[in-house]
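> just need the structure, nothing else, for what follows:
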Amino acid sequence: MMMLNAFIDWFTGNRENHLPGGGLFSILHIILIILFFAIIIFNFIYSKKNNKYADKVVLICCIVMPISRFIRMIMEVCFGLKQPLEALPFHLCHIMSFVIPLVYFTKWKKAFPCVMFYGMLGGTMTFLFGDYYAYNVLNFYDIESIILHVMLAMTATSSFAKGDFKFTVYNIHYIPIFMLILACWAEFGNTIFGTNFMYIRENGLPFKLLPGHFLFTYILIAFVIFFLMYLPFIIKHFKNKKEIKNSAE
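Alright, predicted model coming up:
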């Protein structure tokens, strides 16, 4: 009976019997961070070598992500975890789990750089914010969220490695514009429900890397992720340049 009750709590999101977790930089946090980056790096390298693999990753993720999120939304409402409107996509990654498949299946190429960047950003930042480490047990919703955020990052890295999109002066301006739209939508939800969607009312991190408003830390992390996405291509560029120079000599 105790096992059944524990399973029901795990499945329905009841946290009453769960003990506090280790928080950020706990063993669980470190393990998940290592696994996340190991998966993403492997996925990028293999996608660059095998275009068919990259296509399958993007297709499967774009099918699974919206279905997974839609089922989660229904469960959260049915089990009383959220009000019906509160279960709508207000968080960045929740929104991207629907927007990325929409962009992919409609073949809206101009939107690829923007939405894929935010898929990678959201997928990475979530592992830093610490929501998974607040309790000593990962429940059904935590596991679903972990898998979803890995899929967001895998979709972005596979698509990027395959060359489906690249950032140029003609499309990079969409990134801040889209973020402004997302922030307004999230703040609309925050105003109605008194929540902290997209962590724009309160700092989702237990630290600040820059003085001033905590949003500057978010921007810095976004720039770091942007740089890391392009780092393999930068290295390759200088490597090829060096090889051409050596061959000329």
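
> export the helix or strand Pro113 falls within to CSV, keeping only CA atoms.
Assessed by DSSP states H and E, Pro113 sits inside helix 112-129. The C-alpha coordinates for helix 112-129 follow below in CSV (Å, rounded to 0.1, in the frame of the first residue of the first chain):
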residue,chain,number,x,y,z
PHE,A,112,14.8,28.5,-38.0
PRO,A,113,17.7,30.4,-36.5
CYS,A,114,15.6,32.2,-33.9
VAL,A,115,13.6,29.3,-32.6
MET,A,116,16.5,26.9,-32.7
PHE,A,117,18.6,29.3,-30.7
TYR,A,118,15.9,29.6,-28.1
GLY,A,119,15.5,25.9,-28.0
MET,A,120,19.2,25.5,-27.2
LEU,A,121,19.1,28.4,-24.8
GLY,A,122,16.1,27.1,-22.9
GLY,A,123,17.3,23.5,-22.9
THR,A,124,20.6,24.6,-21.4
MET,A,125,19.4,27.2,-18.9
THR,A,126,16.8,24.9,-17.3
PHE,A,127,19.6,22.6,-16.0
LEU,A,128,21.1,25.7,-14.3
PHE,A,129,18.0,27.0,-12.7
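
> name the residues of that helix that are buried.
Neighbour-count burial for helix 112-129, counted by 16 or more other CB atoms under 10 Å, picks out 112-127. For the C-beta atoms, the positions are set from N, CA and C on the backbone; glycine is no exception.

> what packs against it?
Helices and strands touching helix 112-129, by 3 or more CB pairs under 8 Å, 6 or more residues apart in numbering; DSSP states H and E, are helix 27-49, helix 92-105, helix 140-162, helix 174-193, helix 215-248.

> now the first one and helix 140-162, what's the angle there?
Taking axes from the mean of the first three to the mean of the last three CA atoms, to 10 degrees, helix 27-49 and helix 140-162 form an angle of 30 degrees between their directions.

> mind listing what's buried in helix 27-49?
28-29, 32, 36, 40, 43-44, 47-48.

> with respect to Leu138, which of the residues you listed is nearest?
Leu138 has its nearest neighbour among the buried residues of helix 27-49 in Leu28, at 7.9 Å by CB to CB.

> for Thr155, list the residues it contacts.
Contact partners of Thr155, counting by CB atoms under 8 Å, 6 or more residues apart in numbering, are 57-58, 61-62, 65, 100, 116, 119.

> go again with 7 Å.
57-58, 61-62, 100, 119 (CB atoms under 7 Å, 6 or more residues apart in numbering).

> ok, and the most crowded of the residues you listed?
Taking other CB atoms under 10 Å as the neighbour criterion, Gly119 ranks highest of the contacts of Thr155 with 28 neighbours.

> still on that earlier bit, residues contacting the helix holding Pro113, please?
Residues contacting helix 112-129 (CB under 7 Å, 6+ apart): 32-33, 36, 92-93, 96, 99-100, 103, 149-150, 152-153, 155-157, 159-160, 164-167, 171, 174-175, 178, 199, 204-205, 221-222, 225-226, 229.

> my understanding was that Phe197 contacts Pro89; is that so?
No. Using CB atoms under 7 Å, Phe197 is not in contact with Pro89; the gap is 9.4 Å.

> these two: who's more crowded?
Each of Phe197 and Pro89 has its neighbours counted (other CB under 10 Å); Phe197 has more, 23 against 20.

> that one and Met151, how far apart?
21 Å (CB to CB, to the nearest Å).

> got it, and Thr195?
Thr195 is 24 Å from Met151, by CB to CB.

> got the phi/psi numbers for Lys82?
Lys82 has phi and psi values of phi -140, psi 160 when expressed as degrees, to the nearest 10.

> tell me how many other residues surround the closest residue to it other than its chain neighbours.
Residue nearest to Lys82 in three dimensions, not counting chain neighbours: Glu76, with 4.5 Å by CB to CB, 6 or more residues apart in numbering. Around Glu76 there are 18 other residues, counting by other CB under 10 Å.
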